Each structure stands twice: as structure tokens, then as C-alpha cells.
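1. 3D model of this:
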Amino acid sequence: MCSWHVVSSLVIALVAFLAPRPVEAQCLATHGSIVAIGCEDLAISRDDGATFTHTGLRVVAVTVTDDERVFVANDAEPPSLFEVGAGHVALPLTEVAALASVGRSVVVVGSREPSDPEEITRTVVLVRGADGTVRELGSLGAWSSATRVSATGTERAPRVEIVMAFGLSCWGTVQVRRAIVDARGAQIADLSNDMECAYHGEGCGGFFDVEIGAHGTAYAVRAPSDDGTERPGPLLLVRPTERTTPTTLDVPSGATLSVAHNGQLTLALLDGVLHRLEGTRATSLGGQIDRDARLVHVDDRGRPYAESAQGLARFSRGAGWSPIRP
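-> Modelled structure (predicted):
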């Protein structure tokens with residue numbers, strides 16, 4: 001029998017096909033000359049990755065504000081938000097899934113267990129302002145323990161985007177939902193919804209891997225066919241109301257594809273070759289790296305970070321791919 005599960009935009013719904021991801025997006029954060037990396041042992045560089053200082057901190061998420069302060073969250077009960085080298089504040093959450101920053105403010109996305117056992121666990125969005133106060137921005141009637149978050153707007157009026165994919169083990173990802181949380185509350189829309197088909201035993205769109213770009217975009221590749229082989233074809237731009245449009249980027253069978261963005265720029269790594277995605281248009285940027293490498297981050301300068309068996313590397317137009325060794 002098929003089983004339902006919820007995964008984030010970075011997680012492929014058919015878990016048997018997942019490749020190891022030593023550096024997840026929530027364990028890597030950058031801004032300006034700051035590079036903070038690692039959840040088991042947080043290491044911080046203040047010279048753009050040339051040297052690192054190990055903190056010994058075990059964290060679940062990290063972010064860097066515009067004024068280059070490093071904030072982390074732990075997995076205590078209840079969890080806390082720490083400014084590295086300064087104080088901390090306990091959070092009214094059960095679990096922290098993601099951190100983001102906008103200006104000097106920190107956005108915290110996590111879960112809150114209901115007091116009534118018949119109610120569902122909610123996703124809660126908190127904002128720690130530049131003055132250190134924590135307020136609730138909004139909440140959603142759904143929860144994913146591995147959530148991808150983007151924050152835009154201003155310190156006083158942040159706008160938080162949360163994207164979740166709902167998967168069925170028989171069919172892969174069958175629904176992609178995007179929520180915008182701001183001062184007006186939460187607005188939720190489907191980017192794609194094949195649940196009705198899945199309930200009747202059909203895969204419909206059959207998305208295998210859904211990844212998120214800037215400006216509310218989502219990109220997908222198809223699921224394997226019935227005989228287990230992957231269906232080649234163009235990368236698809238996923239739009240609201242269940243519409244998809246082919247991009248100019250072809251994805252061969254068995255290809256390794258990953259997408260990352262910094263809120264403005266969307267990049268894709270296809271079999272180790274870097275591309276820029278602008279809606280349905282893909283432009284090759286070259287920069288060959290190992291075929292199995294995956295994008296994990298794009299910094300505020302537009303430089304992508306990729307993880308492979310050789311470790312973490314960063315790309316720049318002048319130097320190409322260079323190793324980052326914390």
C-alpha cells in the first residue's frame with residue numbers, strides 16, 4: 001500500500017533515490033565575508049572562506065544577517081536561537097526547521113505542538129528583530145520537518161516564502177504548495193496538485209524531483225517510468241494552477257540535477273555543468289565539476305556552492321570551482 005509523507009523542496013519524494021547530502025542548505029550560510037558551515041561542528045570564516053574557526057557548537061540551522069552576525073538554532077526542548085558570541089533566547093516552538101535573515105532580522109520557521117491532541121501540528125513563523133524582541137509573524141496548518149525558506153522584504157515588514165512538496169511513495173511528489181507569510185497573514189497556493197489522480201492510482205504529472213528557484217519559481221523533472229527507467233526530457237517550470245512549461249534545459253536519463261537560489265538568482269547544476277535559469281530559459285555558464293556534485297547554496301554575490309565526494313566547492317567567474325575547507 002502506498003504511504004503519504006511530506007518532504008521539503010530540497011528532498012526527493014522517493015527516498016530510495018536520495019544521494020548523500022553532507023552539507024544541507026540549513027548547515028551553510030553566507031553574507032559578505034562571512035561563511036558559516038556545519039551542523040555537527042559549526043565553523044565560521046570571517047575572511048570569505050580562507051580560514052575557519054571551529055566553535056564546537058552542534059546546531060540544526062544557521063543564518064547570517066546583513067550586519068554579518070551569525071545566528072544558530074539548537075535542538076533542545078524548547079529550542080533556542082543563539083547569536084554566536086552573544087546571548088540567546090528560548091523559542092516558543094517544539095522544533096526548528098529553518099532560519100533565514102532579512103536585513104538585521106532573523107526569521108525562524110518551526111513547529112508547535114497543539115494543546116488539543118485532535119488538532120494538527122502547525123508551522124509557525126517567528127521574527128527576531130534587530131532590537132532582540134521575538135514576535136510571531138504567522139502560522140500554517142501543515143508541518144514539514146525539513147522546510148526550505150526564503151525571506152525578503154524589509155526588517156520591519158518581512159515576507160517569508162515556504163515551499164513544501166507532498167509525496168506518495170508509489171508516485172513520488174504529487175503536490176507542491178507555496179505559502180507566503182507576512183503582516184497580512186498566510187496565503188497558500190498550489191504550484192502543482194496531482195493528489196486526485198494519485199488517489200485513483202495514477203501518477204499524473206509524475207514529478208520525481210521538485211526544487212525551488214527565486215521569485216517563487218519551482219522546477220521539476222519527471223518520475224521513473226513503470227519499467228524503472230527515468231523519462232528524459234526538458235526541465236519543467238512549475239506554475240500555479242497545475243500548469244507546467246518546458247524549459248530550454250534538457251535533462252537526460254540518469255542525469256544529476258540540482259537547483260539553488262539566493263532570492264534573486266536561480267542556478268542549476270546538470271551533470272556538473274552550471275546553468276542560469278530565468279523562467280523557461282536556461283543559459284550555460286560552464287564551470288565543469290564532478291558529475292555527482294549538487295548545488296547547496298548561492299551567496300549574495302551570486303556565487304554557487306556545490307557538494308561532491310571531494311567536499312565543498314565554490315564557483316566564481318575568475319577562479320572557477322575552488323575547494324572550501326572548514
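
2. could you use CA atoms for every contact and neighbour count after this?
-> OK.

3. partner strands of whichever strand or helix holds Arg135, parallel or antiparallel?
-> Using DSSP states H and E, Arg135 maps to strand 134-140. Using DSSP bridges, the strands paired with strand 134-140 are strand 122-128 (antiparallel).

4. just the buried positions in the partner strand, please.
-> Arg122, Thr123, Val124, Val125, Leu126, Val127, Arg128 (16 or more other C-alpha atoms under 10 Å).

5. not counting sequence-adjacent ones, nearest residue to the fifth one?
-> Read that as Leu126. Glu136 (4.4 Å; C-alpha to C-alpha, 6 or more residues apart in numbering).

6. and the pLDDT for that neighbour?
-> Here, the pLDDT recorded for Glu136 equals 95.

7. how far does stretch 106-123 stretch from start to finish?
-> One end of stretch 106-123 to the other measures 16 Å (C-alpha to C-alpha, to the nearest Å).

8. and that stretch, how far from the chain's centre?
-> 20 Å (C-alpha atoms, centre = their mean, to the nearest Å).

9. tally up the residues packed near Thr152, please.
-> Applying other C-alpha atoms under 10 Å, we find 18 other residues in the vicinity of Thr152.

10. likewise Gly129?
-> So Gly129, with other C-alpha under 10 Å, has 17 neighbours.

11. quick check: it touching Gly103?
-> No - at 9.4 Å, Gly129 and Gly103 do not qualify as touching, with contact defined as C-alpha atoms under 8 Å.

12. between those two, what contacts are shared?
-> Residues touching both Gly129 and Gly103 (C-alpha atoms under 8 Å, 6 or more residues apart in numbering): Glu155.

13. show me the contacts for the residue lying closest to Val298 once chain neighbours are set aside.
-> Take Val298 and drop its neighbours on the chain: the residue closest to it by C-alpha to C-alpha, 6+ apart is Pro304, 4.3 Å away. The contact partners of Pro304, by C-alpha under 8 Å, 6+ apart, come to Ala260, Leu267, Leu295, Val296, His297, Val298, Arg314, Phe315, Ser316.

14. in strands, which of these fall?
-> Taking DSSP state E, the ones among the contacts of Pro304 that sit in strands are Ala260, Leu267, Leu295, Val296, His297, Val298, Arg314, Phe315, Ser316.
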